[in-house]
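# Provided below for reference: sequence and predicted model.
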Amino acid sequence: MDGVNVDLCRHPSASSVIYLAPYIRSCVYSIMLTTLTALAEPTRLRIVELLQSSPRYVGEIEKLLVLSQPQVSKHLRVLREAGVVESTVVAQRRLYELRRQPFQEIAAWLEGYRRSWEGHLDALEAHLEQIGDDQ
């Protein structure tokens with residue numbers, strides 16, 4: 001990913017934070033790209049949608065998506081490696097839940113586009129109102 005150490009971006013040491021300043025934007029884009037790539041696969045997106053409502057065990061995800069345990073585990077591994085989910089072991093079972101950070105980064109990135117489009121749409125609305133008043 002363009003030479004960016006994603007692990008360092010996710011977990012910088014205290015001494016490395018000073019040196020990361022020039023790379024923060026690159027790290028954010030790198031993490032977003034990793035997140036979006038993981039979510040691009042339809043089954044993984046369905047798993048994320050299930051986890052939106054609450055954390056779930058692998059067995060629950062299997063039943064709800066009618067997939068085998070190895071299939072679900074493979075997709076959860078990709079999501080975990082991308083930093084989208086995290087798991088905890090509860091009585092020999094893995095409980096998966098969404099991490100907020102990747103979604104907050106995507107939302108912050110999209111916010112700039114939303115503001116830009118809002119301004120354009122407000123201008124269009126004003127123009128259309130003016131045209132309507134002229135008729």
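It's in. Numbering: from 1, shown residues only.
# which helix in the protein runs the most residues?
The longest helix of the chain (DSSP state H) is helix 101-134.
# Where does the prediction get shaky in the chain?
Applying pLDDT under 70 to the chain flags residues 1-28.
# now the strands for it?
Along the chain, counting by DSSP state E, strands occupy 56-57, 85-90, 93-98.
# So for stretch 110-121, what gets flagged as buried?
By neighbour count on 16 or more other CB atoms under 10 Å, the buried set for stretch 110-121 is empty. C-beta here means a position set from N, CA and C on the backbone, and glycine is covered the same way.
# Just the CA atoms of that stretch, as CSV, please.
Provided in CSV are the C-alpha atoms of stretch 110-121 (Å, rounded to 0.1, in the frame of the first residue of the first chain):
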residue,chain,number,x,y,z
LEU,A,110,-17.2,11.3,3.4
GLU,A,111,-18.2,14.4,5.4
GLY,A,112,-16.1,16.6,3.2
TYR,A,113,-17.9,15.3,0.1
ARG,A,114,-21.2,15.7,1.9
ARG,A,115,-20.6,19.3,2.7
SER,A,116,-19.5,20.0,-0.8
TRP,A,117,-22.5,18.4,-2.4
GLU,A,118,-24.8,20.1,0.1
GLY,A,119,-23.5,23.5,-1.0
HIS,A,120,-24.0,22.5,-4.7
LEU,A,121,-27.5,21.2,-4.0
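# doesn't residue 57 make contact with residue 88?
No - when contacts are counted by CB atoms under 8 Å, residue 88 is not listed as touching residue 57 (10.5 Å).
# who's more crowded, the two?
Per other CB atoms under 10 Å, whichever of residue 88 and residue 57 has more neighbours is residue 57, with 15 against 10.
# For the more buried one, give the beta-bridge partners.
Beta-bridge partners for residue 57, by DSSP bridges, are residue 95.
# tell me the contacts of it?
For residue 57, the contacting residues are 90, 93, 94, 95, 96, by CB atoms under 8 Å, 6 or more residues apart in numbering.
# same thing but 7 Å
Contacts here follow CB atoms under 7 Å, 6 or more residues apart in numbering; on that basis residue 57 touches 93, 94, 95.
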